[in-house]
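Here is my input; please provide its structure:
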Amino acid sequence: MTVAKPARKRVSAIGPASRPSTGLKGGVGGRVLEQSALQTLVGYHLRRAEVHMRQLVIKLLSEWDIRPPEYSALSLIACNDLVTQSDLGLALNIKRPNMVTLVEKLEKRGLIKREVHARDRRNQILTLTEKGEAQLADIDGLLHDMDKQWTACWSAKERSQVSELLQRLYKATAE
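As a prediction, this is how the structure comes out:
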C-alpha cells in the first residue's frame, strides 16, 4: 500500500505581522516558518504538546529538587506493594544503571528506604519514608492542579477521550 506524501513547496517565511499562533519562530528576525507538512503528522503535535507539558512539570518539580522519573518512581512505590528496583526499571523503561542512580538519590534524600525481601533475599523492597509520603502528597496536589489547568481547553469528556486515545496509542506501539 502506498501512502500519499504531502506536497512540499518552498514558500517565503511569514513576516512578523502575519504570524499564525502555531508557527515555528526562526532564529534571525523571529520569522515564522511554513510548516504544513509537519501539521499533518500526529506525532509532531504529540511531541510539541509533550515538550510544552514536560517543561511545566520540570519547573514545578524543581521546587522539590525532583525530576520527572523520580516523581514517577515515588508514585509507583506509593501505590504498589513489594516493589523492587527491577520492577520500577521495567515499568518506567529506565535502564538498570540509571535506575540504580535514581534509587540511590531518593534513598540519600530520605524519600525511600530499602528492605530485604522476606522470601527472596537477593531483592530489596522499596517503600516510601514518612518524608517521601509527605513530599509526594504535596507534589501530587500541585501536579494534578497543573494538569487540569493545562488541559482546561477541553471538556471533561474530551480530556477523558484524549487520555484514552493516548493510552491506546502507546500500548499499541509498545507491543
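
For the residue nearest the centre of the chain, list the residues it contacts.
When the chain is reduced to its mean C-alpha position, the nearest residue by CA atoms, centre = their mean turns out to be residue 54, at 5.7 Å. Taking CB atoms under 8 Å, 6 or more residues apart in numbering as the contact definition, residue 54 lies against residue 68. C-beta here means a position set from N, CA and C on the backbone, and glycine is covered the same way.

For the residue nearest to residue 80 when sequence neighbours are not counted, give its distance to residue 56.
Setting aside the residues directly before and after it, residue 80 is nearest to residue 87 in space (CB to CB, 6 or more residues apart in numbering), at 7.5 Å. With the distance defined as CB to CB, to the nearest Å, residue 87 ends up 28 Å from residue 56.

Same question for residue 164.
When distance is defined by CB to CB, residue 164 is 22 Å away from residue 56.

Between the two, which has more neighbouring residues?
Shown here are residue 164 and residue 56; by other CB atoms under 10 Å, residue 56 has more neighbours (14 against 10).

does the more buried one sit in a helix, a strand or a coil?
The local conformation at residue 56, judged by DSSP: H, G, I helix; E, B strand; the rest coil, is helix.

wouldn't it be in contact with residue 146 here?
Yes: under the criterion of CB atoms under 8 Å, residue 56 makes contact with residue 146 at 6.2 Å.

What are the structural domain limits within this structure?
Taking automatic domain parsing as the reference, the chain has its domains at 22-62, 65-142.

okay, these, which one's buried deepest?
Comparing these by mean neighbour count (mean count of other CB atoms under 10 Å), domain 65-142 ranks first with a mean of 15.

next one: that domain to chain centre, how far?
Averaged C-alpha coordinates place domain 65-142 at 17 Å from its chain's average position (CA atoms, centre = their mean, to the nearest Å).

For the helix or strand hosting residue 140, output the C-alpha coordinates as PDB.
Remark: residue 140 resides in helix 130-150, with elements defined by DSSP states H and E. Only the C-alpha atoms of helix 130-150 are listed here, as PDB (Å, rounded to 0.1, in the frame of the first residue of the first chain):
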ATOM      1  CA  GLU A 130       7.200   9.400  56.000                       C
ATOM      2  CA  LYS A 131       9.200  12.300  54.400                       C
ATOM      3  CA  GLY A 132       8.700  10.700  51.000                       C
ATOM      4  CA  GLU A 133       4.900  10.300  51.600                       C
ATOM      5  CA  ALA A 134       4.500  13.900  52.700                       C
ATOM      6  CA  GLN A 135       6.500  15.200  49.800                       C
ATOM      7  CA  LEU A 136       4.700  13.100  47.300                       C
ATOM      8  CA  ALA A 137       1.300  14.300  48.700                       C
ATOM      9  CA  ASP A 138       2.400  17.900  48.200                       C
ATOM     10  CA  ILE A 139       3.600  17.300  44.700                       C
ATOM     11  CA  ASP A 140       0.600  15.300  43.700                       C
ATOM     12  CA  GLY A 141      -1.800  18.000  44.500                       C
ATOM     13  CA  LEU A 142       0.100  20.700  42.600                       C
ATOM     14  CA  LEU A 143       0.800  18.400  39.700                       C
ATOM     15  CA  HIS A 144      -2.800  17.400  39.300                       C
ATOM     16  CA  ASP A 145      -3.900  21.000  39.500                       C
ATOM     17  CA  MET A 146      -1.400  21.900  36.800                       C
ATOM     18  CA  ASP A 147      -2.500  19.100  34.600                       C
ATOM     19  CA  LYS A 148      -6.200  20.200  34.900                       C
ATOM     20  CA  GLN A 149      -5.200  23.800  34.100                       C
ATOM     21  CA  TRP A 150      -3.100  22.800  31.100                       C
END
